[in-house]
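Student: I would like to see how this sequence folds:
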Amino acid sequence: MTGLAITYWGGSGTIALTARAIAGAAAEAGAEVYLMDVQHPEDVDWDLLQRAGAILMGSPTYMGGVAAGYKTFLEATGSTIWLERRWKDKLAGGFTCGIQQAGDKLATLKSLAVFAAQHGMLWVGQEVIGAPVFPERAGLNSSGTFLGLAVEQADEGRLRPGCDASARLFGARVAGSLARWG
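Tutor: Here you go, the predicted structure:
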């Protein structure tokens, strides 16, 4: 198994920006990266996901949970992939966004982590400690969420600097995890 597949679905564009930031840092760290917008489940490259050593899952937090568009992708794995344990022992991780700094994004990450556990995947979380613990790290992991990456809605088509830096650190972490255990 090789490569990092970053699957995502998003409405406002923030998730796509986050996926690209994660992908850029993971590629710089040496990972072979595949970005996969799962807006149209019929276009999903299931063979590529099968070959990947790690799969990241990205969805905005809508009404306290995974967006329906991304949930459609998740549910499409239930027949064969889940029953045959095809993703067992792959690395997994999640990322989400919301309008507010916290905004129940943890509920989305928990849902993604449970999904990964049901598939027998191994979860990689966010490890960055930001401010106020380390004042010099202002903006990094600003929500204090360690289960996965949680960013705020983008401004004018760009991630906020702390969110962008956090996404890049998360991408490098997942790439390092894939090199170590993938």
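Student: Quote the end-to-end distance of stretch 64-71.
Tutor: This stretch, stretch 64-71, spans 13 Å end to end (Cα to Cα, to the nearest Å).
Student: any residues touching it, and which ones?
Tutor: 8-11, 38-39, 57-62, 74, 104, 107-108, 111-112 (Cβ atoms under 8 Å, 6 or more residues apart in numbering). For glycine as for every other residue, the C-beta is placed from the backbone atoms N, C-alpha and C.
Student: now these: which count as buried?
Tutor: Buried subset of the contacts of stretch 64-71 (neighbour count, 16 or more other Cβ atoms under 10 Å): 8-10, 38-39, 57-62, 74, 108, 111-112.
Student: residue boundaries of the helices in the chain?
Tutor: Under the criterion DSSP state H, helices of the chain are mapped to 14-28, 46-51, 68-75, 80-83, 105-118, 161-181.
Student: In CSV, list the C-alpha atoms belonging to the fourth one.
Tutor: Okay, so that is helix 80-83. Presented in CSV, the C-alpha positions along helix 80-83 are these (Å, rounded to 0.1, in the frame of the first residue of the first chain):
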residue,chain,number,x,y,z
THR,A,80,-18.2,-4.5,-0.2
ILE,A,81,-15.4,-2.5,1.3
TRP,A,82,-16.6,-2.8,4.9
LEU,A,83,-17.9,-6.3,4.7
